[in-house]
Structure formats: structure tokens, C-alpha cells
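In: Fold the stuff below for me.
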Amino acid sequence: MLIHQQLIALNKEYDIMKTKVLITLFTLELIINSLFALSHDDLCIMLALNNPTLINLNKDIELAKLDIKDAKAQYHPKIDFLISATYMINPPIGKIVVNPDDYISGESGTSGVLTPLSTIGLEGPLTVYKGMENTQYNFKLSLVQPLFTWNKIKKSVEIYKKIHILKQLDADINNKKFVNELEAREASLYYLSKIKSNLNEQQDISKKLIQIAEESLSNDLILEIDLLEIKIKAKEIDIALSQINSEINNQLSFIHKLCNNSSIKLKDIEYVFDEIKISNIIEKGIDNIKSKALKSENSNIQSLLILESIKADEINLSKKDIYWKPDFALQIEASYNGPRFPIIEKGYFTQNQSGFNFSLVIKSTLWDGGAKLNDIVRKEIEATKVTKNSSETKNQIKQLLQENYNNLTFSEIKINYLFLKQKVLDKKIEKQEIEYNQGYGKITDIFNSKLEKLNILLEINHLKLEQCTNYFSIAFFL
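Out: Numbers count the residues shown, from 1 in each chain. You can find the predicted model right below:
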């Protein structure tokens, strides 16, 4: 008896320990799932860090900063230094010698007789010049400082600053575009998962209907064609499920591409679409949406305006670089030319030429066949094209907003209509279940009504999925 009681006590302790272990494991699973779950913000961070396009756009911003520095560098002097060392096997000027008898001593006009130099002891060849040394060094330091350039440098700096802003806007617009697309893909997965769940429920009911139909056929209560029709409907659900699974994989693949990470799984993504966003967009009205989307503060419109401004500045710059408009600069040059290396070799200060010069440089193109005039015309044509493209882009934005808003409002009306149908079916199913429980209803009628209700929910989710697409197409421009 005592042993039996001990066994019961041990079993109780085991059950308690087992329960604690299960609770611990369940808690650990929740913690692990929360650690590996990816919210929309997590995916946005991953997108910003890994997306190749965004990385390259940020590099373009850095390059644009360097272009500004290069343009500003034109304000400062340009200093060049040149050094060359030459070894001449046969110097161009060799040794120069003369015969003393070729010269005579005396002063012209003092005596009628000129005495040869040999009479005073100068005999043999006389070396006048030992010749050039084999080495020759050249040093040249030049400095050019722009003085007056018709504000071309200033205008150039302004253009590069605007290009830098344009690159920043381009990066912001693309980042917003990718984040918008990422959330659209997440919303698609959210509704596709709902649709898949709906189809799984329909699949379960279809299996039950097939089972009932097969039993009815064996009892000769229905015809074989009725069973085939039920099976065909079940196959249609299977096909729809296959299509949904394929679409889920496609959406997941797009997320992989955006985040440049193929390890993201469907179960890792935590996202619930806030349907209030749809209502808020509809309440704003299309006129307010268009007005906000086309404001000058909007990044898309700012980008167009800055591009137009850059083209206008380029025309202005081309006109400043026209014929007979000289640029003025100060040029300073210091040079050394000699056979010895300065300071290091002895006697470097002999047989050398050195100089230090100041010059005022005036440079202007007088005529080049009309190329500069053509460049002005070219810039004006490009500016006109940009202006027309801006106008066309604004019209396209208006049209896109109008189409998506119309689809959004139409879908909302249809969803409200389907919700009313769903309520009617809920009442119908409730009545059928009461009749079945009372013994005079059919279970097949209940299943068919449930299938009809699931079809309505399926259509609602499809419409909501379309609404998400319309919503994010509008949200990108706001």
C-alpha cells in the first residue's frame, strides 16, 4: 500500500515537472519567434542597408559633393611644378679653342704696327669655353590665379550645388518608392494569407461534400454527374490555392530583391495592414490629394523644379563663355636651368639661368566656327524639353491619382455591398442550422451556404488586395 502511494506521488511530481518543462519550452518558442520576427520597420532598415540601388545613389551623393569641391577649387590658384634631368652624350655646344696668333695685341689708332700675341709668350691653342656639361637640370614653378571670369566660376559652383540637391532628392524619392513598394508587398502577403486560409476552409467543406455525395451515390440518392460537379468545384479550389501559393512566393521574391536578402521567410514577417488608411484617403477627396501631390514642397515636384533651374543656369553659363569675353588671370613663374643640381652640387650657381616673372594673362575665344553659339542653342532646346517633360509628368501624376482614387472608391462601394450579402448569409446559415438540429434540414444546404459565404469573403479579400495596390500608388505621391 505504501509503495502504491509512493508511485502515485512520483507520478504527480512527474506530471508537474512535465507541465513546467512544456511551459518553459512554449515560453522559449515565443521568445525565439519574437526575436526572429521582422516588423515593417525591421525590413525598412534592412532595405536601407542592403538595397544596391540605394547604396549606389548614396555614392552618387558623395560624388556630387566632390564635384562641388572641384568647382570651388577654381577660385584658388593652380600651382604646377616641373623638374627634368637630362644627360647628354654629345652636348650641342662643345669645347671652344683659338690660336693665339689669330689675335693681335695693341690698341687701334695708337701705332701703325700690331704685335702678334705669340711675342708675349701666349703660344699654343687657347681654350675660350670648356663646353657644355653632360647633365642639364630644369626646374619650373608656375602659379595661375583667376582674377575675373564673368562669374563663370560662381555659376558653376551654383550648378553643382543644385545637382547635389537633385542627387539627394533622387535618393529620397527612390528610398520612399522602395519603402512604399515593400509595404505594398507586405500588405499583399497579408491579404494573400487570408485568401489562402479562406480557400483552405472551402477545401475542407468540399471534401465533406464529396464524402456525402459519394455516400448518396452508393444509395442511389443522386446521379453520378452530381458527384462529378462537386469534384470539379473542389478541383477549382485546388487550382486557386496553387495560384495563391505561387503569388505568395512571387511577393516574397520581390521582398528578397528589395532587401537583398533571400533568407526572409513568410513566417518571419509580422505585418497587419491598417484599413483605416483606405478610409482616410477616400475622405480626403481627389482634389485635396492632387493639390498635395503637386505642391512645390513635394519631393517629386522639387526634383522637376531643380532640374529646370539647372538647365536655366547652364544657358546662362554658356552665354558668359561667348566670344570676345576674355578671362583675366595672374601668372607667376619661377625657373632654374643649369648643369648642376641646385644646393646639392657645388657650383650650381654658375652656368645657370634663373628667373622670376609676373604676367597678366588674358584669354578669350575669338571664333571657333560657331560652336559656342550652337552650344547655347543646344542648352535652350534641352531646357525646353525639360519644361515640357515636367508638364507631362505632372499631368501623368494627376491621371494616375485619379485612376487609383476611382478604383479605390468603387472597390469600397462593392465591399460594403458584399458585407451586406454576408450578413444575409449569416442569417440564412443560422436558420439552416436550426432546421438541421430540429431534424428536417439538410447538412449539404449548410455546407453550400458556408461555401457561398466563403466565396463572398474571398471576393472581399481580393477587393481589399486591389485597394492596397491603389492606396500605395497614391501614397507614393503624398
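In: How are the helices of the protein distributed by residue range?
Out: Remark: helices assigned in the chain by DSSP state H are 2-36, 40-50, 52-73, 152-218, 224-259, 276-284, 286-293, 299-320, 371-437, 443-475.
In: Counting by contacts, list what the shortest one packs against.
Out: The criterion is 3 or more C-beta pairs under 8 Å, 6 or more residues apart in numbering; DSSP states H and E, and the helices and strands that helix 286-293 contacts are helix 371-437. Glycine gets a C-beta too; all of them are placed from N, C-alpha and C.
In: about what we covered before: to Phe139, which of the helices of the chain lies closest?
Out: Smallest distance to Phe139 across the helices of the chain (C-beta to C-beta): 24.8 Å, for helix 52-73.
In: Tell me which residues of the closest one come out buried.
Out: By neighbour count with 16 or more other C-beta atoms under 10 Å, helix 52-73 contains the buried residues Leu54, Leu57, Asp60, Ala64, Asp67, Ile68, Ala71.
In: got it, and stretch 423-440?
Out: The neighbour-count check on stretch 423-440 (16+ other C-beta under 10 Å) flags Leu425, Ile429, Gln432 as buried.
In: what's the answer for stretch 329-341, then?
Out: Buried residues in stretch 329-341, counted by 16+ other C-beta under 10 Å: Ala329, Tyr336, Gly338, Pro339, Arg340.
In: now swap in stretch 146-154 and tell me
Out: Neighbour counts over stretch 146-154 (16+ other C-beta under 10 Å) mark Pro146, Thr149, Trp150, Lys152, Ile153, Lys154 as buried.
In: Rounded mean pLDDT for that stretch, please.
Out: For stretch 146-154, mean pLDDT is 90.
In: Taking the centroid of this protein, which residue is nearest it?
Out: Note on the chain: the residue nearest the mean C-alpha position is Leu54, at 3.2 Å, using C-alpha atoms, centre = their mean.
In: How about the contacts made by that one?
Out: By C-beta atoms under 8 Å, 6 or more residues apart in numbering, the residues touching Leu54 are Leu47, Ala48, Ala171, Asn174, Asn175, Phe178.
In: Just the pLDDT for it.
Out: pLDDT at Leu54 comes out at 94.
In: Likewise for the one 4 residues further on?
Out: On the pLDDT scale, Asn58 is placed at 93.
In: from now on call the first residue 43
Out: Fine by me, first position is 43 from now on; the one you just mentioned is Asn100.
In: Give me the nearest residue to it, chain neighbours excluded.
Out: Of all residues not flanking Asn100 in the chain, Ala213 sits nearest, at 6.1 Å (C-beta to C-beta, 6 or more residues apart in numbering).
In: ok, now how distant is the one you found from Ser198?
Out: 23 Å (C-beta to C-beta, to the nearest Å).
In: circling back: so which of the buried residues of stretch 371-383 comes closest to Phe461?
Out: Closest approach to Phe461 among the buried residues of stretch 371-383 (C-beta to C-beta): Ala371, at 78.5 Å.
In: Show the pLDDT at that closest one.
Out: For Ala371, pLDDT reads 93.
In: try the one 4 residues further on
Out: Glu375 is assigned a predicted lDDT (pLDDT) of 93.
In: contacting residues for it?
Out: Counting by C-beta under 8 Å, 6+ apart, Glu375 touches Lys182, Leu183, Ser184, Leu185, Gly397, Phe398, Asn399, Ser401.
In: try 10 Å this time
Out: Contact analysis of Glu375 by C-beta atoms under 10 Å, 6 or more residues apart in numbering lists Asp122, Lys182, Leu183, Ser184, Leu185, Val186, Gly397, Phe398, Asn399, Phe400, Ser401.
In: Ok, Leu85 next?
Out: Contacts of Leu85 (C-beta under 10 Å, 6+ apart): 221, 224-225, 227-228, 297, 300-301, 303, 306, 310-313.
In: Give me the ChimeraX select line for those, limited to the buried ones.
Out: Provided next is the ChimeraX selection string for whichever of the contacts of Leu85 are buried by 16+ other C-beta under 10 Å:
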select :221,224,225,227,228,297,300,301,303,306,311,313
